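Undergrad: Have a look at this prediction, sequence included:
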Amino acid sequence: MAFPYKKMDETDYDFIRSVTSPDRVAVGAEIADEYYHDEMPNYGIFPPELYVEAETKEEISKIMAYCNEHNIPVVIRGAGSGLAGGANCKYGGVMLSIMRMNKIWPVDHKNQTITVQPGALLLDVQAAAAAEGLFYPPDPGEKTATIGGNVITNAGGMKAVRYGLTRDFVRCIEAVLPDGSIERFSSNVVKNTTGYDIKDLVIGSEGTLCVVTEITLKLLPAPNCTCTLVMPFHSLEECADMVPKVLELPFVPTAIEFLERELIDIVERNLHKPFPVKEGEAVLIVMYDASSQQELDNAVEAAAEAALANGAIDCCIANTPERAGSVWEVRGGILEGMKADSVSQEECDVVVPRSCIAQYVKDAKRIASSLGLRVEPCGHCGDGNIHTEMLRGNDMTDEEWESATGECLRQLYALSKELGGQLSGEHGIGNGRIEYLKEFVGPRMIRLYKAIKLAFDENLILNPGKIIEYNE
């Protein structure tokens, strides 16, 4: 079976209508264009043959069993906020939306967990936890992303320095396998060494192994106090050198971000969001959470003293929600600002050892300049995840842009590997980075990926053509 996949016909459409509801199914020209791609349409615009909104795991089980038997590809879609070209139907077939599966069950205080369906939005899950005095820490930039999408991409975000990634907060997963069977991976326990850890394999698998239908998430006590510090430096090198100094302190920061002045200017100019600190060619933004004001004050004092002792021009303390908001609004507006400041954009989100951040940024700018590109690196320097944005000017043709960005990406990924880094820190591979993965990880690793895929999905129907490509 597998490629070439079956072209769907009326019999297939009628079956899916019969196990769901006709008002939740669209076919052909009835399907809205927005379902052809995710937030990076340049990574592929592929229409499904049928779009269906599932409401239960039983519906998903029947759809998967049917499509598996009839060799029809299936792609799962949440909010469509991915940045790797993952949620599109590269080979046609079914696009299965889980957005109606958005139930959030009451918080389990005894286990400090919350169980949700995959279509629940991140902001709603965070709000449900906060209403009970608890805290769901993973905080990727897109708050209207679904929890299911966060799980299958192992979403990170700025608070990963202290709290970790989505993977660190998933207790157990219920999922439908490609053959329609419903399985649970782990349970609501704190530790588990029962067989292979399939749960952690599913997390970050980008919808290629199974369809997640229910997730139980770990919660933490909510921090009582928070504060943001802005440390301006004369150069990016000084700014990056401050990162290990912050991490050596006896207080664990929640987030550590860096911004160069040029990028701050782009946001201020295009979005009219003023940044409160005007000094320095680069700034380090450090956030602390604490359970008491005394603990927070101690952390802030230690960080401020360390910054001034290591070349910071100043250390500005944003100790009110309004002041902190003005800082994080600029950081959060980077992508929108760059879109307004250029014709189009390309990005890689490599991750390198924290000690190599300054070297990576310096070399990335050199590589981009040699290819006639503007590049604006920024990112989560607390964990080494650098978003390297390439910006297209008005004077580049389509051919020049495609050629330059393709070569720039190849060199940037090679640089990351040379520095001991990885190809992607949080956005994933999807369709957008698949051509670079084989060279990065090597043929033996690709064979291992393919074996894992076949163990779950022997007919290769689930999100085919993402991460790995069998039909080369």
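TA: Yes, it's here. Numbers count the residues shown, from 1 in each chain.
Undergrad: which ones are touching D38?
TA: By C-beta atoms under 8 Å, 6 or more residues apart in numbering, the contact set of D38 is G80, S81, G82, L83, A84, G85, G86, A87, N88, G430. Where you see a C-beta, it was placed from the backbone N, CA and C, and this is true even at glycine.
Undergrad: Put the buried members of the residues you listed into a PyMOL selection.
TA: Of those, the buried ones can be selected in PyMOL as follows, counting by 16 or more other C-beta atoms under 10 Å:
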select buried, resi 80+81+82+83+84+85+86+87+88+430
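Undergrad: Now tabulate the contacts of D38 in CSV and tack on pLDDT.
TA: What follows is the contacts of D38, written out as CSV (pLDDT from 0 to 100):
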residue, pLDDT
G80, 92
S81, 90
G82, 91
L83, 86
A84, 92
G85, 91
G86, 93
A87, 93
N88, 95
G430, 94
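Undergrad: As JSON lines, the contacts of D38 with secondary structure and distance to I173 would be great.
TA: Shown next, in JSON lines, are the contacts of D38 (DSSP: H, G, I helix; E, B strand; the rest coil; distance: C-beta to C-beta, whole Å):
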{"residue": "G80", "secondary structure": "coil", "distance to I173": "21"}
{"residue": "S81", "secondary structure": "coil", "distance to I173": "20"}
{"residue": "G82", "secondary structure": "coil", "distance to I173": "19"}
{"residue": "L83", "secondary structure": "coil", "distance to I173": "23"}
{"residue": "A84", "secondary structure": "coil", "distance to I173": "21"}
{"residue": "G85", "secondary structure": "coil", "distance to I173": "24"}
{"residue": "G86", "secondary structure": "coil", "distance to I173": "18"}
{"residue": "A87", "secondary structure": "coil", "distance to I173": "19"}
{"residue": "N88", "secondary structure": "coil", "distance to I173": "24"}
{"residue": "G430", "secondary structure": "coil", "distance to I173": "20"}
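Undergrad: now, which of the contacts of D38 sits nearest T388?
TA: Using C-beta to C-beta, L83 comes nearest to T388 of the contacts of D38, at 13.0 Å.
Undergrad: can you list the weak-confidence ranges in this structure?
TA: In the predicted model of the chain, residues 1-3, 471-472 satisfy pLDDT under 70.
Undergrad: the domain parsing of it - what is it?
TA: Using automatic domain parsing, the domain parsing of the chain gives 113-221, 225-335, 342-429.
Undergrad: With respect to L96, which of those lies nearest?
TA: domain 113-221 (7.2 Å).
Undergrad: Span of the closest one from start to end?
TA: 11 Å (C-alpha to C-alpha, to the nearest Å).
Undergrad: in the chain, which helix has the most residues?
TA: Criterion DSSP state H: the longest helix present in the chain is helix 398-418.
Undergrad: Now do the next helix-or-strand element following it and helix 398-418, the angle between them.
TA: Downstream of helix 398-418, the next assigned helix or strand under DSSP states H and E is helix 434-441. Relative orientation of helix 434-441 and helix 398-418, computed by axes from the mean of the first three to the mean of the last three C-alpha atoms, to 10 degrees: 20 degrees.
Undergrad: and the helix or strand following helix 434-441, what does it pack onto?
TA: As assigned by DSSP H and E, the chain's next helix or strand after helix 434-441 is helix 443-456. The contact analysis (3 or more C-beta pairs under 8 Å, 6 or more residues apart in numbering; DSSP states H and E) places helix 443-456 against no helix or strand.
Undergrad: buried ones in helix 443-456?
TA: Neighbour counts over helix 443-456 (16+ other C-beta under 10 Å) mark I446, Y449, I452, K453, F456 as buried.
Undergrad: Might you report the residue contacts of the first one?
TA: Yep, that's I446 we're talking about. I446 makes contact with L437, K438, I468, according to C-beta under 8 Å, 6+ apart.
Undergrad: same thing but at 6 Å, please
TA: Taking C-beta atoms under 6 Å, 6 or more residues apart in numbering, we find I446 in contact with K438.
Undergrad: and what of the second one?
TA: When contacts are counted by C-beta under 6 Å, 6+ apart, Y449 touches I468.
Undergrad: Distance of it relative to E132?
TA: 40 Å (C-beta to C-beta, to the nearest Å).
Undergrad: just curious, which of the contacts of D38 is nearest to R374?
TA: Looking across those and measuring by C-beta to C-beta, the closest to R374 is L83, at 19.4 Å.
Undergrad: Could I get the contacting residues of the nearest residue to that closest one once chain neighbours are set aside?
TA: Among residues not flanking L83 along the chain, H427 sits closest, at 4.5 Å (C-beta to C-beta, 6 or more residues apart in numbering). H427 makes contact with L83, A84, D349, according to C-beta under 6 Å, 6+ apart.
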